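Undergrad: Sharing a model that was predicted from the sequence below.
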Amino acid sequence: GWGGGGSGSRERTKRTILKAATHQSAGNSGSNQKRPKSKKKRYYKQVCYNRKARRNYEIIDTLEVGLSLVGSEVKSARAGTVSIGESYLQAEGKSCRSFLMHNSYFGNVDTCMIPHEPRRVRRVLMKKEEARRWGKKCEQQGYTMIVLKLYFNEDSRLKMEVALGKGKNVRDKRADIKDRDMKRDTQRIIKDFQRGG
């Protein structure tokens with residue numbers, strides 16, 4: 001009887017040890033799993049910003065579009081030698097074109113493989129439905145398509161943020177200036193109060 005009881009006890013002890021070892025092995029295998037690689041840091045660079053746009057227009061809608069450029073124009077954009085202060089878009093049926101965007105040469109003109117005209121009209125890469133819809137609003141409601149900013153997106157592709165805007169009159173501009181001054185005064189009062197407290 002004693003030998004049988006001892007054998008059963010040893011078996012139970014063996015099973016307990018095996019069970020604990022199994023749990024430990026499972027835990028170690030989970031901790032040794034490879035962690036997912038961190039995503040490569042994305043690239044973003046703003047080329048230029050139209051400061052006059054929101055001052056002169058009430059922005060109704062915005063959209064990200066592409067722009068058809070030649071190689072020397074892309075290099076100029078990376079160098080930041082682009083001006084969009086006076087640029088605007090014009091719908092032509094199911095497509096759009098960009099006007100008055102000044103894209104200067106980068107470096108020596110003689111080294112450009114395909115020299116470009118700095119103020120040439122450029123084709124906007126925009127969906128046909130959007131071009132038609134925005135063009136209709138400009139024609140029927142007197143809106144204007146303006147350029148807000150030019151930038152390289154996370155995939156290093158040159159993009160343009162455009163807006164559908166309604167021109168502000170003198171009264172609207174004065175109201176904007178008044179609101180801006182009030183906000184600035186309020187922020188200054190709050191800062192002075194916090195500093196004094």
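TA: Looks like it arrived, so ask away.
Undergrad: Do a quick rundown of the strands in the protein.
TA: Using DSSP state E, the strands found in the chain span residues 45-49, 57-67, 82-83, 88-92, 95-99, 102-103, 122-125, 144-152, 158-167.
Undergrad: Can I get the ones you listed in CSV including mean pLDDT and mean neighbour count?
TA: Quick note: C-beta positions are derived from backbone N, CA and C, even for glycine. Below are these laid out as CSV (pLDDT from 0 to 100; neighbours: other CB atoms under 10 Å):
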stretch, mean pLDDT, mean neighbour count
strand 45-49, 90, 15
strand 57-67, 93, 15
strand 82-83, 87, 18
strand 88-92, 89, 18
strand 95-99, 86, 19
strand 102-103, 76, 20
strand 122-125, 90, 18
strand 144-152, 93, 21
strand 158-167, 93, 20
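Undergrad: residue boundaries of the helices in this structure?
TA: Secondary structure of the chain (DSSP state H): helices located at 2-31, 53-56, 71-79, 128-141, 170-196.
Undergrad: helices and strands around the last one, which ones?
TA: With contacts defined as 3 or more CB pairs under 8 Å, 6 or more residues apart in numbering; DSSP states H and E, the secondary structure elements packing on helix 170-196 are helix 53-56.
Undergrad: right, and the strands of the chain - which one's nearest residue 177?
TA: Nearest to residue 177 among those is strand 57-67; the distance by CB to CB comes to 14.5 Å.
Undergrad: circling back to that earlier point, ok, of the helices of the chain, where does mean pLDDT dip lowest?
TA: With a mean of 58, helix 2-31 has the lowest mean pLDDT of the helices of the chain.
Undergrad: for stretch 148-162, how far is the first residue from the last?
TA: The separation between the terminal residues of stretch 148-162, taken as CA to CA, to the nearest Å, is 5 Å.
Undergrad: who's in contact with it?
TA: Contacts to stretch 148-162, defined as CB atoms under 8 Å, 6 or more residues apart in numbering, come from residues 42-50, 53, 59, 62-67, 69, 74, 77-78, 82, 84, 89, 98, 124, 145-147, 163.
Undergrad: and what of stretch 52-70?
TA: 77, 85, 96, 98, 103, 114, 116, 122-126, 130, 134, 143-144, 146-148, 150, 153, 157-168, 172-173, 176.
Undergrad: go with 7 Å
TA: With contacts defined as CB atoms under 7 Å, 6 or more residues apart in numbering, stretch 52-70 is touched by 85, 98, 114, 116, 122-126, 130, 143-144, 146, 148, 158-168.
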